[in-house]
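1. when you get a sec, could you give me coordinates for this:
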Amino acid sequence: MLAGREPVPPRRPASDRRHRLRVAYVSTWPPRRCGIATYTSDLIAATRAADPAVVARVAAIDEPHLLHPYSSEVLWRIRQGDPESYRQAASAINGSAVDVVNIQHEFGLYGVWHEDEQGSIYRDHLVGFLRELRLPVVTTLHSVPPSPSDSMREAIREIAGLSDQLVVMAAGAVQILSDDYRTRAPISVIPHGMPLIAPHGRHRFKSKLGIEGRTVISTFGLVDQRKGLEYMVQAMPEVVRRHPAALYLIAGQTHPEVVRRDGERYRASLINAVDQLGLGQHVSFLDAYMTPTDIVELLLATDVYVTPYLDPLQITSGTLAYALGAGKAIVSTSYLHAREALADGRGILVGFRDPGALARGVNNLLDHPQRKQSLEHMAYAYARDMTWPRAGERWVELMRALLVARERAPGRPA
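-> Presented below is the predicted three-dimensional model:
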């Protein structure tokens, strides 16, 4: 047993609670504009749909200097960057009517980086929370970068040792955790959920967006430099030469952390590139926070979906998952999640920072409608087992099994 984690006291038999599962989710939460917040909100809705007896409570992570007005699910608040706030939340959860704790982990939410003579050192705040916690816990790792720094590796090893179960969203992350982090906790793969989408209505949703007759290429999500959007903008002149009706839609607001740090500098650089390339009629920005309905309608209007992302180690992309669920033909840089999701010819993978390769990938699909249609069918078929209804079922099964296992063997092995 790792230092600081005490044996869990006996709890009433699972049979007494078989009609009720009380889960505390530790995560960001709407209205905070964060992909983890959206994911957790969708996850809670999916588990409730799978089992109406699930009761969800939330420990919401606030930015260091900002408080949000939350919905009634939020019973606890954690101040990001304040280690004591995490410990206090764990103590409060211990004293509540909760059966299982579900943590949505992303490095930036649960720790801070400091610079010293050896480089960037990650100081984790979740371990203190877990040492204080006296309940079974499942931790979802949204980022599993290969070849981590020593401080990042140690943080994940401690988190794994203090968790009853880890969850990752891509099979490739399991091998990374074994090889690069040397973790020993049980690991389950539950892909990023996506809504059930009927892949029809392209012309109707183009009309709704006011872009009838256009060939739509799109990317959605919070805008920041890691998305590599400038490379798809630079690819558009070549696409337009072959397909004059092409329109690249960049949908989503700038990431709030980027706005706080740099303002709208990155978006302004994209707009400037559009102007310099004379692409005013061929690149448009939907500068708005995308609701789930907005996302689905945009995807259904899309002819080719593009993720020109820059991080080759990115293990999870919710936008890629949604595009698969909508049955889209996809062109993507070859980051880890894309290599797994688009394997076996389900999409076109290209190199990083390469406008020419992006243009060739998009043109290949637009030049060959039958190939484009084949990729659409393959993407939709691949995603059928990854919808939120299926993910909700798997999450409920996992958390109930976790609770039963903990009660049959209280305490943690030495």
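2. pretty sure Ala170 contacts Ile187?
-> No - counting by Cβ atoms under 8 Å, Ile187 is not a contact partner of Ala170; they are 11.4 Å apart. From N, CA and C alone the C-beta is placed, and that goes for glycine too.
3. can you pick out the residue with more neighbours from these two?
-> The neighbour count for Ala170 versus Ile187, taken as other Cβ atoms under 10 Å, is higher for Ala170 (21 against 18).
4. can you list contacts of stretch 393-405?
-> Identification of contacts with stretch 393-405 by Cβ atoms under 8 Å, 6 or more residues apart in numbering yields 14, 21, 23, 43, 46-47, 50-51, 54, 99-100, 102, 136, 138, 164-165, 167, 188, 190.
5. give the buried residues for it.
-> Arg394, Trp395, Val396, Leu398, Met399, Arg400, Leu402, Leu403 (16 or more other Cβ atoms under 10 Å).
6. residue contacts, Ala321?
-> If you count contacts by Cβ under 8 Å, 6+ apart, Ala321 has them with Pro191, His192, Gly193, Met194, Ala341, Ala383, Met386.
7. from those, pick the one nearest His282.
-> Nearest to His282 out of the contacts of Ala321 is Ala341 (Cβ to Cβ; 27.8 Å).
8. who touches the closest one in this structure?
-> Listed by Cβ under 8 Å, 6+ apart, the contact set of Ala341 reads Ala170, Leu320, Ala321, Leu324, Gly347, Tyr382.
9. quick one: the helices in the stretch 1-150 of the chain, in order.
-> 35-50, 83-94, 126-132, 150-161 (DSSP state H, counting those that start in this stretch).
10. out of the ones you listed, which is closest to Leu277?
-> Across the helices of the stretch 1-150 of the chain, closest to Leu277 is helix 35-50 (Cβ to Cβ), at 29.4 Å.
11. which residues does that closest one contact?
-> 23, 25, 27-30, 54, 56, 58, 73, 104, 106, 109, 142, 192-193, 221-222, 292, 318, 388-389, 391-393, 395-396, 399.
12. in PyMOL, how would I select the buried members of the residues you listed?
-> Here is the PyMOL selection string for the buried members of the contacts of helix 35-50, based on 16+ other Cβ under 10 Å:
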select buried, resi 23+25+27+28+29+30+54+56+58+73+104+106+109+142+192+193+221+222+318+388+391+392+395+396+399
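13. returning to what we had before: and the two most separated of the contacts of Ala321?
-> Largest separation among the contacts of Ala321 by Cβ to Cβ: Gly193 and Ala341, giving 13.7 Å.
14. return the alpha-carbon coordinates of the helix or strand hosting Ser269 using CSV.
-> Here Ser269 is covered by helix 265-276, with elements defined by DSSP states H and E. This file holds the C-alpha atoms of helix 265-276, laid out as CSV (Å, rounded to 0.1, in the frame of the first residue of the first chain):
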residue,chain,number,x,y,z
ARG,A,265,-3.6,36.8,-31.3
TYR,A,266,-3.8,33.3,-32.8
ARG,A,267,-7.2,33.8,-34.4
ALA,A,268,-6.0,37.2,-35.8
SER,A,269,-3.1,35.4,-37.4
LEU,A,270,-5.5,33.0,-39.1
ILE,A,271,-7.6,35.8,-40.4
ASN,A,272,-4.5,37.6,-41.6
ALA,A,273,-3.4,34.5,-43.5
VAL,A,274,-6.8,34.1,-45.1
ASP,A,275,-6.6,37.7,-46.3
GLN,A,276,-3.1,37.4,-47.6
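15. what packs against the next helix or strand after that helix?
-> Downstream of helix 265-276, the next assigned helix or strand under DSSP H and E is strand 283-286. With contacts taken as 3 or more Cβ pairs under 8 Å, 6 or more residues apart in numbering; DSSP states H and E, strand 283-286 sits against strand 246-251, helix 265-276.
16. make it 6 Å
-> strand 246-251 (3 or more Cβ pairs under 6 Å, 6 or more residues apart in numbering; DSSP states H and E).
17. helix 265-276 and the strand it packs on, what's the angle between them?
-> 170 degrees (axes from the mean of the first three to the mean of the last three Cα atoms, to 10 degrees).
18. got a list of contacts for strand 246-251?
-> 214-220, 229, 236, 239-240, 282-286, 290, 298 (Cβ atoms under 6 Å, 6 or more residues apart in numbering).
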